[in-house]
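Participant: one predicted model, sequence on top.
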Amino acid sequence: MAVAHPRVERLHDEIASIVQHLACAEAFFGTSTASARRLAARIAAPFAPRRLAAAVALALSLAPCASRAQWLVEGDQLRITYGPWAYHFSNSPEHVPHNHLLGFELVTTRWTFWNADRSLAGLAAFDNSFGQFSQYVWFGQEWDWRRFAGGNVFVNVTAGLLHGYKGEYQDKIPFNSAGIAPVIIPSLGIRWGRFSLQATVLGANGFLFGGSWVFDLKPGERMAVPVTRTGVAPQ
């Protein structure tokens, strides 16, 4: 029998906690309490690292319920990101080889400013550079920039709260005296239809690389990320 990696178990517990809270919101999601609990039980089942993809697939089963939520509007989408590792400008033996970031992000055409094409609200769980389980919640803006290599280059900037740098590594993040630090994080990416690759700037320390896929929460004539039914962005 495969044994779950401790870091994957912590990530699993975080996702399970979120889903269990959603399961209690029967009226909010317009689904029965029993079915919501069954969904929570499925995603809360222990899994080994090789079944991480299956856990993400179960998390996606929340999308049909979310599509009935009153706070969603036509065009809203869910972007799921996985970032396996980071590149550091200066190497340290204390740095872990993988970060395993898993992020969930609401992408919408509402709440935009500075001529942004869409706004972002999300949360992510990951191992920081020193192997400590960390979380980031944010709100941000995203702009389409130009066409390149058959895709659409975009940039975004998010601002939010970062938690998880503790003990001897607490001072690695500015303004982290209370254990939760405010941060501003820019990213550069390129998108082909629903799939995109991103490089996220980690201050003066390096970059985090990841891949994303966009799912429709509430289809409409104008989607936050413009894609056709075949998944290819219109020209």
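Facilitator: Sure, I can see it.

Participant: only C-alpha atoms from now on, for both contacts and neighbour counts.
Facilitator: Will do.

Participant: just the helices in this protein please.
Facilitator: Here the chain has its helices, by DSSP state H, at 6-23, 26-29, 33-44, 52-60, 62-66.

Participant: and these, which one's lowest on average pLDDT?
Facilitator: Of all the helices of the chain, mean pLDDT reaches its minimum on helix 26-29 (a mean of 42).

Participant: which stretches of this protein have low pLDDT?
Facilitator: 1-69, 228-235 (pLDDT under 70).

Participant: could you point out the longest strand in it?
Facilitator: Longest strand of the chain, by residue count under DSSP state E: strand 133-148.

Participant: partners of it, with directions?
Facilitator: strand 118-127 (antiparallel), strand 151-163 (antiparallel) (DSSP bridges).

Participant: deepest of those strands, which one?
Facilitator: strand 118-127 (a mean of 22; mean count of other CA atoms under 10 Å).

Participant: hang on, the earlier thing: so can I have TSV of the strands paired with strand 133-148 showing distance to residue 207?
Facilitator: Formatted as TSV, these follow (distance: least, CA to CA, whole Å):
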stretch	distance to residue 207
strand 118-127	14
strand 151-163	14
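
Participant: of those, which is nearest residue 88?
Facilitator: Checking the strands paired with strand 133-148 against residue 88 by CA to CA gives strand 118-127 as the closest, at 14.5 Å.

Participant: run through who's touching that closest one.
Facilitator: 7, 11, 14, 98-112, 133-143, 158, 224-225 (CA atoms under 8 Å, 6 or more residues apart in numbering).

Participant: any idea what the nearest residue to residue 209 once chain neighbours are set aside is bridged to?
Facilitator: Using CA to CA, 6 or more residues apart in numbering and skipping the chain neighbours, the partner closest in space to residue 209 is residue 199 (4.7 Å). Here residue 199 sits in beta bridges with residue 188, residue 209, as judged by DSSP bridges.

Participant: got it, and residue 101?
Facilitator: residue 83.

Participant: for it, list the residues it contacts.
Facilitator: Residue 101 neighbours (CA under 8 Å, 6+ apart): 81-84, 124-127.

Participant: in CSV: these, plus distance to residue 151.
Facilitator: Below are the contacts of residue 101 laid out as CSV (distance: CA to CA, whole Å):
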residue, distance to residue 151
81, 18
82, 20
83, 20
84, 22
124, 25
125, 28
126, 28
127, 30
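
Participant: tell me the domain ranges of the protein?
Facilitator: 1-71, 72-235 (automatic domain parsing).

Participant: now what about stretch 147-159, what contacts it?
Facilitator: Contacts of stretch 147-159 (CA under 8 Å, 6+ apart): 120, 138-146, 182-193.

Participant: then that stretch to CSV, C-alphas only?
Facilitator: C-alpha atoms of stretch 147-159 as CSV (Å, rounded to 0.1, in the frame of the first residue of the first chain):
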residue,chain,number,x,y,z
ARG,A,147,-0.1,37.7,-29.0
PHE,A,148,3.0,35.5,-29.0
ALA,A,149,3.8,31.9,-30.2
GLY,A,150,0.1,31.3,-31.0
GLY,A,151,-1.0,32.2,-27.5
ASN,A,152,-2.0,35.3,-25.5
VAL,A,153,0.5,36.8,-23.2
PHE,A,154,-1.0,38.3,-20.0
VAL,A,155,0.2,39.9,-16.8
ASN,A,156,-1.5,40.0,-13.4
VAL,A,157,-0.9,41.6,-10.0
THR,A,158,-2.4,40.2,-6.8
ALA,A,159,-2.4,41.6,-3.2
